[in-house]
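> turn this into a structure:
(chains A and B)
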Amino acid sequence: MMWFNKSSLISVEAQRKRSFLLGLLPALVVLAAITIAPAVYLFMTSLTPLDLTRQEETAGDYSRPWTNYVELGSDQRFHNSVWVQVKLSIFTVLLQLVVGLGVALLLNAPSRFLEAVRTVFLIPMVLPPIVVSIIWKVIYIPDVSPIHRLLEVFGFPIESLITNPKLALWAIAVADTWEWFPFTMLILLAALQMIPDEPLEAARIDGAGSWQLFQHIILPLIRPTIVVAALFRLIDSIKAFPLIYVLTNGGPGMVTEVTNYYAFIEAFNFSYWGYAGAISVLMVAGVFFFSWLINRMAGRSALQET
Amino acid sequence: MSKKPKNQSKSKFTRRQVLKLGAGALAATAATPFGVPTLLGQAKPYAGTEINVSCWSGPYPKMLASYIPEFTEMTGIKVNYETPSFPIYNQRMDLELSTKGSGYDVANITFIYCARWIGAGWFTPLKPYFSDPNKTPSDWEPEDFLEGVVTPHRDTKGTLYGFPWIADAMISASARFDILKKAGFGMPDTFEEMETVLKAVHKKEGVAGFVNENHHGWTWIPYLYGFGGKVFRDPPNDLMPMMDSPEAIEAAEYYGRILREYGPSGVLSFMYDQANQFLKRGRANLITFNHAWLLQLGDPETSKVTKTVNYAMMPAGPAGRFPGVASHAWGIPLASKKKDAAWEFIKWSLSKEILKRLLIEKGYGSITRKSVINTPEFKEKNLVNGVDLAELYLKTIDVAASGYMVYRTIHVYPQIDKQVDKAIEIVTSKQMTAKEAMKQAQENSVRELKRAGVKL
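Predicted coordinates for the structure are as follows:
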């Protein structure tokens, strides 16, 4: 190594970096074309009052670029949609974590039967979202719903859940949980299976009960995984659309109208693409923020595990 | 002053116009079956052509589906035909048209979108097709269509873009009139009578008193006008919405109350097909809705209430009777690449022969051609359980001739329509008082209209 001086080492390193960059370039170009370019176009559209029924007047009109964003600041319907989104995300993520963890704990045992059951639990997650929506539509329509009929037989008739403003969002959350708890279950089951036997055996020898084992050993060990699963589901919860479209159409009134649904109405019912673009840009910014958070949390979690 | 709308046409068609017989028209049709004589003698000139046709799932487009193989057999044109639900169709078509897509060759011009779609220049003028003797025989008779139903599909210069397949007239029906009779009532003629009847018959024999679809932007407006309210201040010149007027608040309170107190569980989620099924099974009693649907309550193959159904005019409010009358039409999207084949489809599907067969064989009663309306078969098919629906249909069209339906042909009405849907849901589900909900609807309507460039 004596015959290499420092400058030649730097040069080799620079060449190496350049080679990596060249190798990555085609992928970066594709990435830019399919993600960055549409995002830039979306942002540019959001700076115009683009209305497809008045394209000649409104397309490319950058005379008042921040109007849509200023208007969003005073749009109560938009504010309501963000609040509905926050509530729906919290409900669904919490429910999916609790149900997913519960089922994962039940299935965490070496058994062929349980392996088969695991597969069954995955079915809702692999169904097309529209099929899930139709299944729940049938469940929620009092006239045809087996649940409503059963309750009626036992003398406890209940009103339609999806037209009750106090329960409609919960009805969506329950359907969404049914669809997506298998995701959290899978991740948490994998984490449970990674827990070494030694600390559990030692705790048992010391007389720890099941709840103590869970509280003091299992939960701390899988906590980083729970956080990552929660953040993944949080991002995905922002995409809740088919269930709302089919089950409630954002109603009754606006109690289930989440932000992407509001953007959809502005774009596809009224053709206000500039305004819908501004809503979408804010949503993209939110998703970017959560993605960044996931990366950080995932990184920390990896560090803790090592 | 508001921005002048792109289409100022008024919905005016009178019974007199209807009754002007196109004498001999049917005879001429018989001589030129399906109105396509230009094709006779030619060996399927469009063989190998494929067209895409779309319309929302109204009775006519659904009934027409079974005749399409005949059209293909006759012309060689393969038809890819779809009938999605009303909101899905409108969203899909609005996007397709606004992006100048060429995915559809024949599309329905939805009544509430006619000013918007035609005004924006998204449909093809039809005159070069119907006035060209090489493309349309003279006995096809474009003037045979009810002028009032055709008018909304013209632009401000009078250019025609669509031929109507329906005159959608709103009437009232009682699926279980036997229950009303037992309680000592006739068909309610006023809003007040209707509520009295509903109080008396709701849940009798397990039947809900009232049902309707959740497109309140259509079903609630007759109540708004009935209480003396308006959608716009003075359309088409002044488009200031009037959602928070005392009359609108009263109408919202009334309509929300009858849906909430006398409707079946979950009524706010009902679309038109669901509401109609409820009536056909005798699970709900009264409704104020479209003639074309309610006529089906007399169909013995699908309805259980053929012996108990009764009909009447839309009830009147303190300010009068304002039944909704709408018109939907076939048109050719501007970007279609197969316009000649598309016109062949329109010409065939609205020929006197096909409309008459739909009337006789399928019981389709909302006919738009005078020559078919004036046949004995029309009268016969519109006689349900002893009630002359043809008379109700024509009377309703007469009432709408005063021009109040103009609100629906305003290019920004779809924006108001959605606000009405939300407001009535909010009132019905008691999230707000009618006053609060309508104030919110007014604010949102003004915001949406300003966004559309309307000066208020």
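
> looks to me like A:Leu24 is in a helix.
Yes - A:Leu24 forms part of a helix when assessed by DSSP: H, G, I helix; E, B strand; the rest coil.

> tell me how many other residues surround it.
Using other C-beta atoms under 10 Å in any protein chain shown, A:Leu24 has 11 other residues around it. C-beta: built from backbone N, CA, C; applies to glycine.

> worst-scoring helix or strand of chain B, pLDDT-wise?
helix B:25-31 (a mean of 38; mean pLDDT, DSSP states H and E).

> quick check: what element follows it along the chain?
Counting by DSSP states H and E, the next helix or strand C-terminal to helix B:25-31 is strand B:50-54.

> and the lengthiest strand in chain B, average pLDDT?
When chain B is parsed with DSSP state E, its longest strand is strand B:162-174. The average pLDDT within strand B:162-174 is 94.

> likewise for stretch A:20-38?
90.

> contact residues of chain A facing chain B?
A:49, A:51-54, A:57-58, A:71, A:75-77, A:140-143, A:159-160, A:162-165, A:248-249, A:251-255, A:265, A:268-272, A:275 (C-beta under 8 Å from any C-beta of the partner chain).

> list only buried entries from those residues.
A:49, A:51-54, A:58, A:71, A:75, A:77, A:140-143, A:160, A:162-165, A:248-249, A:251-255, A:265, A:268-272, A:275 (16 or more other C-beta atoms under 10 Å in any protein chain shown).

> just want the residue of the stretch 51-200 of chain A that's nearest chain B.
Of all residues in the stretch 51-200 of chain A, A:Ser160 sits closest to chain B, at 3.0 Å by C-beta to the nearest C-beta.

> could you look up the SS state of that residue?
Going by three-state DSSP: A:Ser160 is coil.

> then A:Leu200?
helix.

> which residues touch it?
A:Leu213, A:Ile217, A:Ile218 (C-beta atoms under 8 Å, 6 or more residues apart in numbering or on different chains).

> just B:Arg233 next, same as before
B:Arg233 sits in contact with B:Leu239, B:Met240, B:Pro241, B:Met242, where contact means C-beta under 8 Å, 6+ apart.

> that one and chain A: what is the separation?
Between B:Arg233 and chain A the computed distance is 21 Å (C-beta to the nearest C-beta, to the nearest Å).

> tell me the SS of that residue?
Following three-state DSSP, B:Arg233 is assigned to strand.

> on that earlier part again, which phi and psi does the residue of the stretch 51-200 of chain A closest to chain B have?
As for A:Ser160, its main-chain torsions (degrees, to the nearest 10) stand at phi -60, psi 130.

> test my guess that it contacts A:Asp143.
No - between A:Ser160 and A:Asp143 there is no contact under C-beta atoms under 8 Å: 9.1 Å.

> now the common contact residues for those two.
B:Ser265, B:Gly266.

> please give me every residue in contact with the residue nearest to B:Gly266 when sequence neighbours are not counted.
Nearest non-adjacent residue to B:Gly266, counting by C-beta to C-beta, 6 or more residues apart in numbering or on different chains: A:Ser160, 3.0 Å away. Contacts for A:Ser160 (C-beta under 8 Å, 6+ apart) come out as A:Tyr140, A:Ile141, A:Pro142, B:Ser265, B:Gly266, B:Leu268, B:Ser269.

> so which of those sit within strands?
Short answer: the contacts of A:Ser160 have none in strands (DSSP E).

> dump those residues to JSON lines, plus distance to B:Glu250 and pLDDT.
Putting these into JSON lines (distance: C-beta to C-beta, whole Å; pLDDT from 0 to 100) gives the following:
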{"residue": "A:Tyr140", "distance to B:Glu250": "32", "pLDDT": "94"}
{"residue": "A:Ile141", "distance to B:Glu250": "31", "pLDDT": "90"}
{"residue": "A:Pro142", "distance to B:Glu250": "30", "pLDDT": "89"}
{"residue": "B:Ser265", "distance to B:Glu250": "26", "pLDDT": "91"}
{"residue": "B:Gly266", "distance to B:Glu250": "26", "pLDDT": "92"}
{"residue": "B:Leu268", "distance to B:Glu250": "20", "pLDDT": "95"}
{"residue": "B:Ser269", "distance to B:Glu250": "25", "pLDDT": "93"}
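
> ok, so of those residues, who is nearest B:Trp56?
For the contacts of A:Ser160, the residue nearest B:Trp56 by C-beta to C-beta is B:Ser269; the value is 18.4 Å.

> check the gap between that closest one and B:Ala252 for me.
19 Å (C-beta to C-beta, to the nearest Å).

> do the same with A:Pro224
Distance from A:Pro224 to B:Ala252, by C-beta to C-beta: 53 Å.

> how about A:Leu186?
Counting by C-beta to C-beta - A:Leu186 and B:Ala252 are separated by 49 Å.

> likewise for B:Phe177?
According to C-beta to C-beta, B:Phe177 and B:Ala252 sit 28 Å apart.

> those two: which has the busier surroundings?
Applying other C-beta under 10 Å to B:Phe177 and B:Ala252 shows that B:Ala252 carries more neighbours, namely 30 against 24.

> any idea which element that one lies in?
Using DSSP H and E, B:Ala252 falls in helix B:246-262.

> by contact count, what packs against that helix?
Counting contacts by 3 or more C-beta pairs under 8 Å, 6 or more residues apart in numbering or on different chains; DSSP states H and E, helix B:246-262 packs against helix B:191-201, strand B:208-210, helix B:221-226, helix B:413-428, helix B:434-451.

> and the first one, what does it pack onto?
Right, the one you point to is helix B:191-201. Applying 3+ C-beta pairs under 8 Å, 6+ apart, we find helix B:191-201 packed against helix B:177-182, strand B:208-210, helix B:246-262, strand B:284-290.

> just give me how far the helix or strand just after the shortest one sits from the chain centre.
Spelled out, it's strand B:208-210. Proceeding N to C from strand B:208-210, the next assigned helix or strand is helix B:216-219, under DSSP H and E. Centre-to-centre, helix B:216-219 and its host chain are 11 Å apart (C-alpha atoms, centre = their mean, to the nearest Å).
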